[in-house]
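In: Please find the sequence and the predicted model below.
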Amino acid sequence: MVANKKNVKILMTRSLLPVDQKYIISGLEKIVGNCFEIIAPCTYTEEDICKAAVDVDVLLGSYVSKKVLDAAPNLKLIQIPWTGTDTFNFSAMKQCNIPVCNSHSNAAVVAELCVTLVADLIKKVSYHDRKMRAGNWNRDKKPLNLESKMISKQTICILGYGNIGRKIGKIFSAFGSTVLSVSMSQDMYPEVDESYSTENMMEAVQMANIVINALPLTDTTKGMINAEFVSYMPEGSYLVNISRAAIIEEDAIYKALLSGHLAGFASDVWWNEPKRGETLSWPSANNKFEELDQVIMSPHRAGFVEGALPHLDDVIVNLAHFINGEQLINIVNIKDEF
C-alpha cells in the first residue's frame, strides 16, 4: 500500500514558481498519495542546499556540485524538471552512480510552436498583419511581395531528431513536406524521407529550404550554426531555432538576413533573455533583429500552455516511478552529456 511507504524527501536545488510546485505536488499525490515531501532550502546557495541535502532521496533541479553530492549520502535520483541539460554540471556526476533524468513531456507543445513559426515565416502572416494595421494592403509588392510558399512543397531539415525533433517531423510529413533528419544515431523513421548522421549533416542542409535546430546545447553544438554553416544553406532558405540561442552565432545570422542569403529567421530562444522577474530586454544586445520584417520573435514560451504545465508531466511520472520502485524514464546519458 502506498500509505505504508517511506516518506521520500525531494529537495529543490533551483527555485520553482509556486504554480510549478503546486502542479508537481498535486499530480504526484494523485499517483502515490502523501508519502513524499518536497523541501526548499533556506536559500539556493550551495551552502544552504548542502545543509538541506543531508537525508534527501531526490534532488529536483539542474544544480548539483561535488559538495552537494558529498552532503547527500542517501541520494538516489537527480530529476531535471525540463528537457535541456545545458546548465547541468556533468563533471560532478561522472564519478558517481546516481541516475539523472530529464523531462520530454513538452515535446508536443514545442513542436506545435515550431510548426507555427515556420508557417508564419513562409506565409508571412505577422508581416502582413503589421502592414494592415497601418492600412497598407501591400499591393505594390515592396519590400516583400504578397506571395507565400506552400508547406507541402518544402524540404525540411531537422537538426536533432529526439523527442521534439520527431514530433516536428511527423507534423511536416503529414503536410506532405520532404523531411530530412540529422542525428547521432541516424535512425530511420516512417515519416523521414532521408536520414543523415551529424558527420554528414551538411549534405542535408544543402538540400533544405528550411533548417530547424532542435539540437541540445553541448560543448560540441555551441556556436555550431555559424557563417560557414549558413554558407551551405541555399540562397533564400529559412532558419528556425527552438533549442538554445548559444548554438547559433548571432552575427552570422544577422548578416545573412541583411544580405538576403537567408529569407527569414524565427526563434523561441534568444541571446539576451531577461532574468526571472525582469520583463524588458531586446532579443540581442548586439544586433537589431526586432527591426527586421523577415524575423519572427517568440519570448521563450513554447512550454506555456493554457491549463497545463506539460514540461512537468514527465517529472511527476518519473518521481512516482521512483517512489513505487518502478523503471525510471528519460535517463540522461552522463558520459555523452545528453
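Out: That came through fine.

In: for the least confident helix or strand in the chain by mean pLDDT, packing partners?
Out: Confidence across the helices and strands of the chain bottoms out at helix 90-93, with a mean of 76, counting by mean pLDDT, DSSP states H and E. With contacts defined as 3 or more C-beta pairs under 8 Å, 6 or more residues apart in numbering; DSSP states H and E, the packing partners of helix 90-93 are helix 66-70. Where you see a C-beta, it was placed from the backbone N, CA and C, and this is true even at glycine.

In: Quick one: residues in contact with the next helix or strand after the helix it packs on.
Out: Following helix 66-70 in sequence order, the next helix or strand is strand 77-79 (DSSP states H and E). Contacts with strand 77-79, where a contact means C-beta atoms under 8 Å, 6 or more residues apart in numbering, come from 10, 57-60, 64, 93, 98-102, 315, 318-319, 322, 328.

In: tell me the mean pLDDT over strand 77-79?
Out: The average pLDDT within strand 77-79 is 95.

In: Tell me which residues touch the residue lying closest to A71 once chain neighbours are set aside, please.
Out: In space, not counting the residues next to it along the chain, A71 is nearest to C50; the distance is 3.9 Å by C-beta to C-beta, 6 or more residues apart in numbering. Taking C-beta under 8 Å, 6+ apart, we find C50 in contact with K67, V68, A71.

In: Surely the first one touches E46?
Out: Yes - under the criterion of C-beta atoms under 8 Å, K67 is in contact with E46, at a separation of 5.9 Å.

In: what about burial for the contacts of strand 77-79, which qualify?
Out: With burial judged by 16 or more other C-beta atoms under 10 Å, the buried subset of those is 10, 57-60, 64, 93, 99-102, 315, 318-319, 322.

In: Least confident of those?
Out: Where pLDDT dips furthest among the buried ones among the contacts of strand 77-79: M93, at 77.

In: dump the residue contacts of that one.
Out: Under the criterion of C-beta under 8 Å, 6+ apart, the neighbours of M93 are V64, L69, I78, V100, I334.

In: now swap in S195 and tell me
Out: Contacts for S195 (C-beta under 8 Å, 6+ apart) come out as Y161, L180, S181, V182, S183, Q186, D187, M188, Y189.
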